[in-house]
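Student: I'll drop the sequence and a predicted model, then ask my questions.
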Amino acid sequence: MAQEALSSSLVDQFAQEFAADHAARIAQNAVAETPITKVALDRNIVTSIDPSMSIKVDKWPNTNQKKSGRCWLFSGLNSLKPIVYDDTSLKEFEFSQNYEFFWDKLEKSNYFLTSMIDLADRDVDDRTVHYLLSDPIGDGGQWNMFVALVQKYGVVPKYAMPETESSSNSRDMDASLENLLRRGARDVRKAARAGEDAEAVKNEVLRQIYRVLAIHLGTPPTEFIWQYEDKDGVFHRDGTFTPQEFAAKYIPDLDDYVCLVNDPRETSPFNHLYTVDRLGNVIGAKPVTYLNVDIAVMRKAVIETLQEGKPVWFGCDTGKQADRDRGIWDAKLFDFEGTYGVDLTMTKAEELEYAESAMTHAMVFTGVDLLDDGTPRRWRVENSWGDEVGDKGFFTMNDSWFDQHVFEIAVHKSKLPEELLSVLDEEPRVLPAWDPMGSLAD
């Protein structure tokens, strides 16, 4: 195909058109001095939003993942807190996010190195190998990965394994772990190709990974004493628990939950089960699977769960049409098209296909404002960005945002239409490792 360079005459044409456009020159003056998000903000939408909800289930303060990509762990643990509050009458409670973070890093390391052994017969520039090497130990994750950790390692209260500098600011730790794992990938691949004991090489790398994690995050407890004073000042000492025993006391059976996604691409028909190649953290756990459904099915499941007084874990593309400081989302919050004078519209399927969107963040639905006919007008969302944004850390999402930018929820199987229950027994269709539905929330 003949290639044509960008000509000066064409650029001159662009410049002349811009100079003749009065609105474009006004926008240029405004954006030259002011952030585009302030210029394009629709203030009618801002002033129409308030955080009141007809249904609100949260009765706890906000949490803060700080400078780490642990939103999926925070939101997973936050979605399971109600049982603790109901049982203990505590004023405040958090599960230890650092505890799950430690085990996730160690398990992801084993998962990654095992894949490197499995793929040792492929060249290092093979697309799957190269994709895995590009991010061997990221902080992000998905619902099924959270479930795998809780089912294997249990949970502990925050005081039993509190935050550290590196759990709250993981960049430097991650850089060291990436170095170790890429070097480890080199070594296990070399051993496997030579017919040597690649597992022994892998285990030595994992020993070093554990050492680095313990230095940065602390050593996970094997047991702890659970005692507390409730909101009425009554002291309780329930005894000594292992993390698994504590999970058995307070965590519901997570096998009863299903992950629903809304992926409207033609290549991923609705009402089928999917998985993503090489996506996971705990080897031996149930694979990461999704039931792809129409967005209306997801919306109905969230509403019904909130009506029962339970929050809902979900994943979305949080940066789209979002005002972080105000803590609000709306489909038309920013009029970028009007400000630029260009068409930016894409369908949800097109955004997935052309890498414009994917699940980037996980949070928790904790409320919904329903009209008299049951139609949702806005949603209350527990974020994990601290209490200085939004309504003390809780955000407000207009329902207009839901369809385009919400990708995934975790709900009890009982919230599925009866005709979809049998789909859960299907053999999942496998998407490639780099598919956008395998993106990790962080």
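Tutor: Yep, that arrived.
Student: dump the residue contacts of Gln307.
Tutor: Contact partners of Gln307, counting by Cβ atoms under 8 Å, 6 or more residues apart in numbering, are Ile55. Quick note: C-beta positions are derived from backbone N, CA and C, even for glycine.
Student: going forward can the numbers begin at 199, since that is how I track them
Tutor: Sure, I'll start counting at 199 from here, so that last one is Gln505.
Student: Relative to Gly591, how far out is Ala222?
Tutor: The span separating Ala222 from Gly591 equals 39 Å under the rule Cβ to Cβ, to the nearest Å.
Student: So for the two, which residue has more residues nearby?
Tutor: Gly591 (20 against 15; other Cβ atoms under 10 Å).
Student: excluding its backbone neighbours, what's nearest that one?
Tutor: Closest residue to Gly591 apart from its sequence neighbours, by Cβ to Cβ, 6 or more residues apart in numbering: Asn260 at 2.7 Å.
Student: Give me the neighbour count for the one you found.
Tutor: By the criterion of other Cβ under 10 Å, Asn260 has 21 neighbours.
Student: Was I right to think it contacts Glu580?
Tutor: Yes: with contacts counted by Cβ atoms under 8 Å, Asn260 reaches Glu580, the gap being 6.7 Å.
Student: which neighbours do the two share?
Tutor: Gly591, Phe592.
Student: so how far is Arg463 from the nearest residue to Asn367 once chain neighbours are set aside?
Tutor: Setting aside the residues directly before and after it, Asn367 is nearest to Lys265 in space (Cβ to Cβ, 6+ apart), at 4.3 Å. Taken as Cβ to Cβ, the spacing of Lys265 relative to Arg463 amounts to 33 Å.
Student: for Asn260, same thing?
Tutor: Per Cβ to Cβ, Asn260 is found 35 Å from Arg463.
Student: what's the answer for Asp285, then?
Tutor: When Cβ to Cβ is the yardstick, Asp285 and Arg463 sit 43 Å from each other.
Student: Between these two, which is the more surrounded one?
Tutor: Just comparing Asp285 and Arg463: by other Cβ under 10 Å the higher neighbour count belongs to Arg463, 17 against 13.
Student: Quickly find the element holding that one.
Tutor: Arg463 is part of no helix or strand when elements are defined by DSSP states H and E.
Student: what's in contact with the helix or strand containing Val345?
Tutor: Taking DSSP H and E as the criterion, the element that holds Val345 is helix 341-351. Contact partners of helix 341-351, identified using Cβ under 8 Å, 6+ apart, comprise 270-271, 274, 297-298, 301-302, 305, 418, 441-442, 445, 449, 452, 455, 457, 478-480, 483-487, 511, 513, 560, 606, 608.
Student: what residues are up against the residue nearest to Lys518 when sequence neighbours are not counted?
Tutor: Take Lys518 and drop its neighbours on the chain: the residue closest to it by Cβ to Cβ, 6+ apart is His603, 5.0 Å away. Contacts of His603 were listed using Cβ under 8 Å, 6+ apart, and they are Cys514, Asp515, Thr516, Lys518, Gln519, Trp527, Ser555.
Student: what number of residues lie near the fifth one?
Tutor: This points to Gln519. Applying other Cβ under 10 Å, I find that Gln519 has 21 neighbouring residues.
Student: Which stretches in the protein count as strands?
Tutor: Assigned by DSSP state E, the strands in the chain fall at 253-254, 422-427, 433-439, 455-459, 470-474, 487-490, 510-514, 520-521, 526-527, 559-568, 574-580, 592-596, 604-610, 627-629.
Student: Those strands: which one's closest to Val403?
Tutor: Shortest separation from Val403 across those is recorded for strand 470-474, at 24.4 Å, computed as Cβ to Cβ.
Student: Report all helices and strands that that closest one contacts.
Tutor: Helices and strands touching strand 470-474, by 3 or more Cβ pairs under 8 Å, 6 or more residues apart in numbering; DSSP states H and E, are strand 487-490, strand 627-629.
Student: Pick the most deeply packed of the ones you listed.
Tutor: Comparing the helices and strands packed on strand 470-474 on average neighbours per residue, with mean count of other Cβ atoms under 10 Å, the densest one is strand 487-490 at a mean of 22.
Student: Name whatever forms a beta bridge with the closest residue in space to Ile607 that isn't next to it in sequence.
Tutor: The shortest distance from Ile607 to any non-neighbouring residue, by Cβ to Cβ, 6+ apart, is to Phe512 (4.5 Å). In this structure, Phe512 has beta-bridge partners Met561, Ile607, where bridges are defined by DSSP bridges.
Student: Which residues are in contact with Phe512?
Tutor: So Phe512 contacts Ser273, Val500, Ala560, Met561, Val562, Phe563, Val604, Glu606, Ile607, Ala608 (Cβ under 8 Å, 6+ apart).
Student: can you pull the contacts of the closest residue to the fifth one other than its chain neighbours?
Tutor: When you say that, I think you mean Val562. Distance criterion Cβ to Cβ, 6+ apart; nearest residue to Val562, sequence neighbours excluded, is Glu580 at 4.2 Å. Residues in contact with Glu580, defined by Cβ under 8 Å, 6+ apart, are 256, 260-261, 273, 276, 509, 561-564, 591-593.
Student: can you give me the helices for the stretch 399-548 of the chain?
Tutor: Using DSSP state H, counting those that start in this stretch, the helices found in the stretch 399-548 of the chain span residues 441-448, 493-505, 534-538, 546-551.
Student: between the ones you listed, which one is nearest to Asp316?
Tutor: The closest approach between Asp316 and any of those, judged by Cβ to Cβ, belongs to helix 546-551 at 27.6 Å.
Student: Give me the buried positions along that closest one.
Tutor: Lys546, Glu549, Leu550 (16 or more other Cβ atoms under 10 Å).
Student: Among those, which one sits closest to Thr235?
Tutor: Thr235 has its nearest neighbour among the buried residues of helix 546-551 in Glu549, at 19.4 Å by Cβ to Cβ.
Student: hmm, back to that, in TSV: the contacts of Glu580, plus distance to Pro615 and pLDDT.
Tutor: Listed next are the contacts of Glu580 as TSV, based on distance: Cβ to Cβ, whole Å; pLDDT from 0 to 100:
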residue	distance to Pro615	pLDDT
Asp256	28	96
Asn260	34	94
Thr261	33	97
Ser273	25	98
Asn276	27	97
Pro509	22	98
Met561	25	98
Val562	23	98
Phe563	19	98
Thr564	24	98
Gly591	34	97
Phe592	30	98
Phe593	29	98
